[in-house]
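In: Generate a structure from the sequence data that follows.
(2 chains)
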2 protein chains.
Amino acid sequence: MDNTLLDTLRGIVGPAGLLAGDELRARQKPQQLHAYALVRPASTAEVSAVLAACHAAGVAVVPQGGLTGLVHGADAQAHEVILSLERMNRLEPVDITQRVLVAEAGVILEQAQAAAEAAGLLFPVDLGARGSATLGGMVATNAGGNSVIRYGMMRNNVHGLEVVLADGTVLSSMNQLLKNNSGYDLKHLFIGSEGTLGVVTRVVLRLCEAPAGRCTALLALSDFDAVGKLLRRLDHAMAGTLSAFEVMWQDFYQVVTTPPAQARPPLPQDHAFYVLVEASGSSTDQADRFAQILSDAMEHGLVADATIAQSERECQALWALRDDVRQLGRFGPLAAYDISLRLADTATYVETVRTSIQARWPDAQLRAFGHLGDGNVHVAVHVPDMNTADRAELDGLVYTPLQALNGAVSAEHGIGIEKKAWLGLSRTPAELALMLLLKQSLDPKGVLNPGRVVDSRL
Amino acid sequence: MDNTLLDTLRGIVGPAGLLAGDELRARQKPQQLHAYALVRPASTAEVSAVLAACHAAGVAVVPQGGLTGLVHGADAQAHEVILSLERMNRLEPVDITQRVLVAEAGVILEQAQAAAEAAGLLFPVDLGARGSATLGGMVATNAGGNSVIRYGMMRNNVHGLEVVLADGTVLSSMNQLLKNNSGYDLKHLFIGSEGTLGVVTRVVLRLCEAPAGRCTALLALSDFDAVGKLLRRLDHAMAGTLSAFEVMWQDFYQVVTTPPAQARPPLPQDHAFYVLVEASGSSTDQADRFAQILSDAMEHGLVADATIAQSERECQALWALRDDVRQLGRFGPLAAYDISLRLADTATYVETVRTSIQARWPDAQLRAFGHLGDGNVHVAVHVPDMNTADRAELDGLVYTPLQALNGAVSAEHGIGIEKKAWLGLSRTPAELALMLLLKQSLDPKGVLNPGRVVDSRL
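Out: Residues are numbered from 1 along each chain as shown, chains lettered A, B, ... in the order given. Below is the predicted model:
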């Protein structure tokens, strides 16, 4: 690669917009260390010009948002140019009648949430990385998070997009309407395609009414069969307000409620499963109904024990248990998996994987938890002194059983580089061929985030 | 066209599976009268073989479902082969834990709804043509209907699809999971593409919990500003249970409550707007809360008058008003439009169009109503003795103002043939170019429902 492209890019974004060499390495972000250069365009026109130049030069471009991805989809290599959306962080005023928020792709989730809240509305997609994750990255990865059961994933909360294609073409598809069957709904091509088909530059977010309050409880269950029955019972009884159904296996619960974890167990530690349940509603009598619904579930034998948060502080304490995932790391480095499968298969799957891993590594530890209301289980595995070959073998033990169960190797984190070798377990050859066709049609030179999700060639 | 292809097709589907000539014309469905032949495959394998044969012969194929579409997207021409999914009407048993229903594309909506109901669940997409519309056609057109405000359109209620591509390739993408970020989400390519990119053969429907009951009211409002404010107020207060927000302009309400219409006006006819509101919930105190919320809205000056249905019979009577659209036809033939635009622009748009139409045809009548909770307004226009040139001129008066408003020429009916000339008002040149690229990539010979939605060539 010569300096001609660098000069061209510098001419597009200005000296402050381009980092290379020592200047780039000084940023010390592992995803950026090996890149050829990093460009920081300040407008869609600049993004377009940058992509056109790289396309003409046949140089690969890696779009980067908040760098909170978990599958190495935004890690750059030495011959690649990073396209960071960090300077495109403008928010337009919230339109409170239409309930939409138009924002540039580099806006941080937390800022979008705050803008919605200041307008008396809610942007409901929420996740732990809210202080770093950008809207563009969340669109590109179809982010999920904590409230999917009620509001859906990013896909369900975006009306329109502006995307720059591989060759620099600006695709403006900034729909602000809830219903629009005027031709193909193109935004779905880009949502969840992890930057391989286009670079998201602007988004139209769908906002919704903010619930006036929430009710939260921690429930203990004695078997997994009760988990599925409880989910249906609560979803029915809470009629559109059920906003979280998070399950913790016993050994997860024990770790997050035992020192050095800060929390003490709000319920005894001897139950098989724990469920964090939340309903978000508005009416003043909501707390009474919530308690009644849980009481009914106990009477029906689905719930063995329960505690209802009596204050916002208690509510936060229950969520802190669920979110104290770093406790799992205190035994050593973790391999973290993000699986989706049918609820009825989940408990058996987890025990099968646990057995096979401990047969291979007797000191291995596996803990499971996750958004079971969405069918999404997170599996965290610690294998002592794990090397690269061990990790590949571990991946095989976790992923291979999913094929027979029609499970998904990624529920919400995406494929990136980390899971690419396993994608074929979850998708048919015809599906993989169509993905390749789309990639080749939209990016025939293979310059957009190449090698992530799918290869550009068979 | 010679008889070789007919023989080939007959060989695939058997003698009972192929209709041509007089046999076909005897069916007397206007969408089929001009076709070369009609094939009725009984399995995905047969669909695949039929498409492969037509693809090899370069013969156009028109997929047909329940023939309830409103934009002539399934009308066949003399040189085209109709592919009817009518024999593919098998339903698998409902999976009540996973809450999914797997069905072949030819299953009628009403049958799928009944199967869900028998399992204690709900398939929430509902529309007037429920006795004829097929699931495959509803997927192909991304059907909307009466409950979009709460449950979304068909797109939001389908987990997976099986699709046969133009060359006969079977794409099995029968995902049953709520969350699945394992590669591109291919189903969205086909949902809403009106049979131009693939033929849907099987679907995985997402089912949900059935509400235990519903509360329905008719409200009178004195100005359109109150419509937007009321929508937000009710959506907030009803916290996830608001399931309908249907608006009728005064002149629509007058027609459906004046003889020869059967209904008498439940509220006086002198208000500017009428809103049919419904909440679907479960708790026993729902009716009290519903009444309280409406009472609060009256106190805040948003609602001028109101009547709450006190029984299921009264509830049905209120819906019958809204659904008595055929009253509009008693003045003569109608042109019916299906527009989507920003709520804040809607009243002005309707009056602008009314004025321009009546300036051109002083005896023309325009009545507006629709799913305003979704931003979707239906406009029905009667122009005395309208000829083809008049209709084209009328289309222009209705559609042209949408361009400046970023409105959509189709909210839910789709583009088909009827609206194709107007698609460019709602979509950018870059969007149209990408649609064409997708069409050419997935159907390079242009044999799948050609000329509908987009042309196969520029």
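
In: got the residues of the stretch 301-450 of chain A near chain B?
Out: Residues of the stretch 301-450 of chain A found near chain B (C-beta under 8 Å from any C-beta of the partner chain) are A:340-344, A:371, A:374-376, A:406-415, A:419, A:423, A:426-428, A:430-435, A:437-438, A:441-442. For glycine as for every other residue, the C-beta is placed from the backbone atoms N, C-alpha and C.

In: Sort out for me which of these are in helices.
Out: Counting by DSSP state H, the part of these found in helices is A:343-344, A:423, A:426, A:430-435, A:437-438, A:441-442.

In: Switch these over to CSV; also include pLDDT and neighbour count.
Out: Converted to CSV, these look like this (pLDDT from 0 to 100; neighbours: other C-beta atoms under 10 Å in any protein chain shown):
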residue, pLDDT, neighbour count
A:343, 96, 23
A:344, 96, 16
A:423, 98, 20
A:426, 97, 26
A:430, 97, 17
A:431, 98, 20
A:432, 97, 17
A:433, 97, 16
A:434, 98, 25
A:435, 98, 21
A:437, 98, 15
A:438, 98, 22
A:441, 98, 15
A:442, 98, 23
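
In: quick one: which of these is nearest to residue A:252?
Out: Distance to residue A:252, by C-beta to C-beta, is smallest for residue A:343 among those, at 17.5 Å.

In: and the closest one, how far is that from residue A:276?
Out: Noted for residue A:343: a distance of 16 Å to residue A:276, by C-beta to C-beta, to the nearest Å.

In: next one: residue A:91
Out: Separation of residue A:91 from residue A:276 (C-beta to C-beta): 32 Å.

In: So, low pLDDT: which residues of the stretch 1-150 of chain A?
Out: A:1-2 (pLDDT under 70).

In: can we see that at 90?
Out: Residue ranges of the stretch 1-150 of chain A with pLDDT under 90: A:1-3, A:27-28, A:30-34, A:145-146.

In: can you give me the helices for it?
Out: Secondary structure of the stretch 1-150 of chain A, counting by DSSP state H, counting those that start in this stretch: helices at A:3-13, A:21-25, A:44-57, A:109-118, A:135-140, A:148-151.

In: so which of those helices is the most packed in?
Out: helix A:135-140 (a mean of 30; mean count of other C-beta atoms under 10 Å in any protein chain shown).

In: For that one, name the packing helices and strands.
Out: Helix A:135-140 makes packing contacts with strand A:61-64, strand A:100-104, helix A:109-118, strand A:199-206 when contacts are defined by 3 or more C-beta pairs under 8 Å, 6 or more residues apart in numbering or on different chains; DSSP states H and E.

In: next one: the second one to chain centre, how far?
Out: The one in question is strand A:100-104. Centroid separation for strand A:100-104 versus its chain: 20 Å, with C-alpha atoms, centre = their mean, to the nearest Å.

In: what sits up against it?
Out: Contact with strand A:100-104 is made by A:85, A:88-92, A:94-95, A:112, A:115-116, A:123, A:135-136, A:159, A:174, A:176, A:201-207, as judged by C-beta atoms under 8 Å, 6 or more residues apart in numbering or on different chains.

In: Direction-wise, compare that strand with strand A:199-206 and give the angle.
Out: Relative orientation of strand A:100-104 versus strand A:199-206 (axes from the mean of the first three to the mean of the last three C-alpha atoms, to 10 degrees): 160 degrees.

In: what do you get for the longest one?
Out: Per the same axes, to 10 degrees, the angle that helix A:109-118 makes with strand A:199-206 is 30 degrees.

In: I'd like to know how many residues surround the residue in the stretch 201-350 of chain A positioned nearest to chain B.
Out: As assessed by C-beta to the nearest C-beta, chain B sits closest to residue A:240 within the stretch 201-350 of chain A, at 3.1 Å. Look at residue A:240: counted by other C-beta atoms under 10 Å in any protein chain shown, it has 25 neighbours.

In: Contacts only, for it.
Out: Taking C-beta under 8 Å, 6+ apart, we find residue A:240 in contact with A:150, B:150, B:239-241, B:280-281.

In: Would you point out which residue is most central in chain A?
Out: residue A:143 (3.5 Å; C-alpha atoms, centre = their mean).

In: Next, the contact list for the closest residue in space to residue A:431 that isn't next to it in sequence, please.
Out: Ranked by C-beta to C-beta, 6 or more residues apart in numbering or on different chains and with sequence neighbours excluded, the top spatial neighbour of residue A:431 is residue B:173, at 5.6 Å. Residue B:173 makes contact with A:427-428, A:431, B:160-163, B:186-187, according to C-beta under 8 Å, 6+ apart.

In: So residue A:31 is in contact with residue A:77, correct?
Out: No. Assessed by C-beta atoms under 8 Å, residue A:31 is found out of contact with residue A:77, at 10.4 Å.

In: More neighbours: which of those two?
Out: In terms of neighbours (other C-beta under 10 Å), residue A:31 is the more surrounded of residue A:31 and residue A:77; the figures are 17 against 13.

In: dump the residue contacts of that one.
Out: Residues near residue A:31 by C-beta under 8 Å, 6+ apart: A:64, A:67, A:72, A:74-76.

In: Check residue A:42 too.
Out: Residue A:42 makes contact with A:13, A:17, A:87-88, according to C-beta under 8 Å, 6+ apart.

In: residue boundaries of the helices in the stretch 201-350 of chain A?
Out: Under the criterion DSSP H, counting those that start in this stretch, the stretch 201-350 of chain A carries helices at the ranges A:224-238, A:250-256, A:286-299, A:312-323, A:343-360.

In: Any chance of those helices in CSV with distance to residue B:27 as columns?
Out: What follows is the helices of the stretch 201-350 of chain A, written out as CSV (distance: least, C-beta to C-beta, whole Å):
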stretch, distance to residue B:27
helix A:224-238, 44
helix A:250-256, 61
helix A:286-299, 53
helix A:312-323, 59
helix A:343-360, 44
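
In: Relative to residue A:218, which of these is closest?
Out: Checking the helices of the stretch 201-350 of chain A against residue A:218 by C-beta to C-beta gives helix A:312-323 as the closest, at 5.1 Å.

In: The closest one - contacts with which helices or strands?
Out: strand A:213-221, strand A:242-249, helix A:250-256, strand A:273-281.
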